[in-house]
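1. How does the following fold in three dimensions:
(one chain, ligands or ions: 2)
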Amino acid sequence: MLEKIEGTIISVISGYYDVKTNKGVIRSRARGVFRNRKQKPLVGDRAVVQLDDQGMNYLVEILPRKNEVGRPAVANVDQVLLVISAVEPDFSLELLDRYLTFFAWKNVGVTIYLSKSDIIAGTEELKEIKEKLVYYEKIGYRVFFDSDTLEKELPDLIQENAIWTLAGQSGAGKSTLLNKLEKDANQVTGKISQALNRGKHTTRQVQLFTYGKGFIADTPGFSAVDLYKIKVDDLGQYFYEFKKNSVNCKFRRCQHIKEPGCEIKKMVEDKEILPSRYEDYLKIRQEILDNKMPEYMK
Ligand SMILES: Nc1nc2c(ncn2[C@@H]2O[C@H](COP(=O)(O)OP(=O)(O)OP(=O)(O)O)[C@@H](O)[C@H]2O)c(=O)[nH]1
Ligand SMILES: [Zn+2]
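-> Ligands and ions are numbered 1, 2, ... in the order given. Model (predicted):
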């Protein structure tokens, strides 16, 4: 009787799939059926492995995917840890809104981490940045203002088998953070990285490492996001405070532009919605209508 067991693919190395199950990491090969179906198993996929008493294990099934994000692609991403720098590169609300819109569209949750706040500790500049980020907490995002708090609370935040990945502008501090988190993880899991066969000679692809009850992708994720493929009428859905309050707009499919009785425009005037949010909404809307990313964002 062949035993079958379910798990998460945590790495792919030259045709071998390492699947983390509750019986440990099982190295397996893919059955030809995947090639025939043109289905390529990805890191992050939930998979069924068939254990063989000859010591040969086969991937026999890939469970339906929730999403596929990043390059290299990771399947079933639950949450993005978005690294936004206070300085170097400069803090940018526009960039933040772009990322938030992108991941809302991809149906991925976002947790925000402000990096490099140490460089401007105690300044008025940092105080203003923090005030802005408090607005984002108010509309429902979890925000971490320093790496100590993040490292302390992150393990409890990552739910059972959940997959997290990092994102953020080039130079924001993704690799720096990842190194810290990987070190934390290795202190707990010990030999796991050895079991994963991470040699200098293997081509480095994305892998998941165990963190909390789930996983973090060990690759910095992506830095630029394209928004022009979003359907223009849906854009308001991805600005969560717009979505929530648009029930009070006079028109059901209000785009919050020139429509009379628009609750969102009223809230912007009353300073209940951060004016930059509305400006960024208009900018992204224009980008979608123009069908391309603006040059200065590339
Ligand atoms: N002072 C300070 N420096 C930091 C912090 N985080 C990152 N840095 C520095 O900022 C620079 C860029 O950091 P990286 O971690 O390489 O940034 P990245 O987001 O991985 O950048 P890409 O690989 O280009 O996408 C490095 O010199 C880091 O040492 C921080 O919290 N504080
Ligand atoms: Zn409206």
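
2. Buried ones in stretch 167-175, by neighbour count?
-> Using 16 or more other C-beta atoms under 10 Å as the test for burial, stretch 167-175 gives 167-169, 172-174. C-beta here means a position set from N, CA and C on the backbone, and glycine is covered the same way.

3. Tabulate those (a markdown table), appending distance to residue 94.
-> Output for the buried residues of stretch 167-175, formatted as a markdown table (distance: C-beta to C-beta, whole Å):
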| residue | distance to residue 94 |
| --- | --- |
| 167 | 16 |
| 168 | 14 |
| 169 | 11 |
| 172 | 14 |
| 173 | 19 |
| 174 | 19 |
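
4. From those residues, which land in helices?
-> Judged by DSSP state H, helices contain the following of the buried residues of stretch 167-175: residue 174.

5. Tell me the one of the buried residues of stretch 167-175 nearest ligand 2?
-> When the buried residues of stretch 167-175 are compared for distance to ligand 2 (C-beta to the ion), residue 167 wins out at 29.3 Å.

6. What residues are recorded as beta-bridge partners of that closest one?
-> residue 82, residue 222 (DSSP bridges).

7. OK, contacts around it?
-> Residues counted as contacts of residue 167 (C-beta atoms under 8 Å, 6 or more residues apart in numbering) are 70, 80-83, 99, 103, 174, 221-223.

8. so what's residue 119 closest to, chain neighbours aside?
-> residue 87 (5.3 Å; C-beta to C-beta, 6 or more residues apart in numbering).

9. Helices of the chain, start to end?
-> With DSSP H as the criterion, the chain has helices at 32-36, 93-105, 124-138, 147-157, 174-189, 192-195, 240-245, 263-269, 275-290.

10. Between those, which has the poorest mean confidence score?
-> Across the helices of the chain, helix 192-195 has the smallest mean pLDDT, namely a mean of 46.

11. Relative to residue 106, how far out is residue 91?
-> Residue 91 sits at a distance of 23 Å from residue 106 (criterion: C-beta to C-beta, to the nearest Å).

12. Need the phi and psi values for the residue of the stretch 151-298 of the chain found nearest ligand 1.
-> Closest approach between the stretch 151-298 of the chain and ligand 1, counting by C-beta to the nearest ligand atom: residue 173, at 2.9 Å. Residue 173 has phi and psi values of phi 120, psi 20 when expressed as degrees, to the nearest 10.

13. from what I can see it touches residue 85, true?
-> Yes - counting by C-beta atoms under 8 Å, residue 85 is a contact partner of residue 173 at 6.0 Å.

14. got any residues that touch both of those two?
-> Common contacts of residue 173 and residue 85 (C-beta under 8 Å, 6+ apart): 115-116.

15. quick revisit: shouldn't the residue nearest to residue 119 be in contact with residue 120?
-> Yes - using C-beta under 8 Å, residue 87 is in contact with residue 120, at 5.6 Å.
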